[in-house]
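1. Attaching a predicted model along with its sequence, questions to come.
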Amino acid sequence: MIRRLTLLNSPHCHFIFTFLTSSHRGPHKLDRSPGCWMKLSLPLLAGLAQAQEAYKSERFVYVLETLPGDGIVSGYSTSYRPMELMYLNDIREQLPSILDVNVEAMGQNGQVATARRINKFVYRHFYQRNLETFNYYLIMQAMYQGDESQAAVQAAITAALGVNAKFDGDAYFTQAMELNPDFTFQEPGLYHESCRTAGQECRYFDVNTQGCYEAYQGVIDLADQTAYDAAVANLTSTFSNEWDTFYGNGTSFPGYVSKTIEITDLTAIVDEGATGSSLSWNEKKAGSSDDVELEIAGEYARENSQNLYKVCFNLDTRFEEIEFAEIRHISEYETDSELYMKTLQSYDLTTQSADYSYICEAPDCEPRKYLIKHNCLNSSQSQVKCR
């Protein structure tokens, strides 16, 4: 069977992706007309760049104890995305190689007898509220690539969602499939767009940078905890203020959100070149006319004489994608987060890592435009009334 999906279609360009439901995929047809190529979504470009590495998926049924937000409307798949992104963020915290989560179907109203029941007020007959019993379950797929084992993927899903995540072979999973005899899973892949074309797909990028630099301070008794803490507070304030000036509070670097700086170590820098030197001089003995030569020799170190210290830090920086702007690679956020440090004296990077999470997740981010368009909100736009 051949499926044909038009992923992008405009007066200026279009993209058609044709594939077989077997392991043999058909050719990709790309329109490279002006203004078209960069309109392709990030997941699609990532897939092409990875030399057609096959996507894998773990299929499971998730029995809900509660709905994560009133904006999720059973039967309206458009409303599911903030819920998917919430679960995706939770699972990626356990296993970052998970690339996407897709709700394939949603069941309700007692279809799964063993599911936990949920009592919700539902609007019927204009504003009359009826207390009805619901028990929801989701048929889902978690998409990934690479060599992750099925056991590792299942463990990550269970750690994120709890024991209500049921996999193939479990009675819940079997019952959900039997109650939906016409249901078939989609082929594993990435089905959603990017922040370039869909605002709710925008992501936070969090960069952690650890390193050291040198800074001049007054004489500090590092053995005195009070003096040490005061020096750390001063260095933290200086770093933070200079950082904000450098980044223009975000105006010079669109997408910059915030930073958190922690000074993790402060040590004095010893002038090793002076250590081990000897000194001598001649001195006349008091009360004597005879010249008596006294030679004094010893070792000394000019420790603290320069008031120069090695400062080590741990910095967390957050950026966010700009809706409908060009998609940036994660390494670009790593570069941006390190630009200020490169202006510091003797800056030395120890380690750096980065990851992302989706901004628009349930329950805080609801697809309100969709609900308003379909008259699912009442006049105060605070209660769902179209379930």
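-> Done, it's in. Values in this document were obtained by computation on a predicted structure and should not be read as measured data.
2. Phi and psi next, for the nearest residue to residue 316 once chain neighbours are set aside.
-> If the residues on either side of it in the chain are set aside, residue 316 comes closest to residue 260, at 4.6 Å by C-beta to C-beta, 6 or more residues apart in numbering. Using the backbone N, CA and C atoms, a C-beta is placed for each residue, glycine as well. The main-chain torsion angles of residue 260 are listed as degrees, to the nearest 10 and equal phi -130, psi 120.
3. What number of residues are in the vicinity of residue 260?
-> Using other C-beta atoms under 10 Å, residue 260 is surrounded by 11 other residues.
4. Report the contact partners of residue 358.
-> Neighbouring residues of residue 358 by C-beta atoms under 8 Å, 6 or more residues apart in numbering: 85, 88-89, 201-204.
5. Which of those residues fall within strands?
-> Among the contacts of residue 358, the subset assigned to strands under DSSP state E consists of 203-204.
6. can you list the contacts of residue 358 in JSON lines and add pLDDT and neighbour count?
-> Conversion of the contacts of residue 358 to JSON lines gives the following (pLDDT from 0 to 100; neighbours: other C-beta atoms under 10 Å):
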{"residue": "85", "pLDDT": "95", "neighbour count": "23"}
{"residue": "88", "pLDDT": "97", "neighbour count": "23"}
{"residue": "89", "pLDDT": "97", "neighbour count": "19"}
{"residue": "201", "pLDDT": "94", "neighbour count": "21"}
{"residue": "202", "pLDDT": "95", "neighbour count": "19"}
{"residue": "203", "pLDDT": "96", "neighbour count": "21"}
{"residue": "204", "pLDDT": "96", "neighbour count": "17"}
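7. Quick one: the helices in this protein, in order.
-> Chain-ordered helices for the chain, with DSSP state H as the definition, fall at 42-49, 81-94, 150-161, 171-178, 225-247, 330-338, 368-373.
8. most tightly surrounded among the ones you listed?
-> Each of the helices of the chain was scored by mean neighbour count; the highest is helix 81-94, a mean of 21, by mean count of other C-beta atoms under 10 Å.
9. returning to that earlier point: please produce a markdown table containing the helices of the chain, extended by distance to residue 359.
-> Putting the helices of the chain into a markdown table (distance: least, C-beta to C-beta, whole Å) gives the following:
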| stretch | distance to residue 359 |
| --- | --- |
| helix 42-49 | 14 |
| helix 81-94 | 8 |
| helix 150-161 | 18 |
| helix 171-178 | 31 |
| helix 225-247 | 20 |
| helix 330-338 | 14 |
| helix 368-373 | 15 |
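10. Tell me where the model's unsure across the protein.
-> Counting by pLDDT under 70, the ranges of the chain that qualify are 1-52, 65, 109-134, 249-252, 271-306, 366-387.
11. per-domain residue ranges of it.
-> Residue ranges for each domain of the chain read 1-40, 52-202+360-373, 203-269+306-358, 270-302, as given by automatic domain parsing.
12. Quick one: end-to-end distance for the third one.
-> Going back to what we said before, that points to domain 203-269+306-358. The distance separating the two terminal residues of domain 203-269+306-358, taken as C-alpha to C-alpha, to the nearest Å, comes to 4 Å.
13. and what of stretch 239-255?
-> Distances were taken as C-alpha to C-alpha; on that basis the terminal residues of stretch 239-255 are 20 Å apart.
14. Bridged to residue 143, which residues?
-> Residues in a beta bridge with residue 143, per DSSP bridges, are residue 57, residue 100.
15. Would you agree it is in contact with residue 186?
-> No: counting by C-beta atoms under 8 Å, no contact exists between residue 143 and residue 186, whose distance comes to 10.0 Å.
16. Looking only at neighbour counts, state which of these two leads.
-> Comparing residue 143 with residue 186 by neighbour count (other C-beta under 10 Å), the higher total belongs to residue 143, at 20 against 12.
17. Distance check, that one against residue 55.
-> 6 Å (C-beta to C-beta, to the nearest Å).
18. who touches both of the two?
-> Listed contacts common to residue 143 and residue 55 are 99, 188-190; contacts here mean C-beta under 8 Å, 6+ apart.
19. List the ones among these that fall in strands.
-> With strands taken from DSSP E, the overlap with the shared contacts of residue 143 and residue 55 comprises residue 99.
20. which one of the shared contacts of residue 143 and residue 55 sits closest to residue 310?
-> Compare each of those with residue 310 using C-beta to C-beta and the shortest gap goes to residue 99, at 40.5 Å.
21. Could I get the contacting residues of the closest one?
-> Residues touching residue 99, when contacts are defined by C-beta under 8 Å, 6+ apart, comprise 43, 55, 143-145, 190.
22. how about 6 Å then?
-> Counting by C-beta atoms under 6 Å, 6 or more residues apart in numbering, residue 99 makes contact with 143-144.
23. Give me the neighbour count for residue 215.
-> For residue 215, the number of neighbouring residues by other C-beta under 10 Å comes to 19.
24. I'd guessed it sits against residue 313; true?
-> No: with contact taken as C-beta atoms under 6 Å, residue 215 and residue 313 are classed as non-touching, separated by 10.6 Å.
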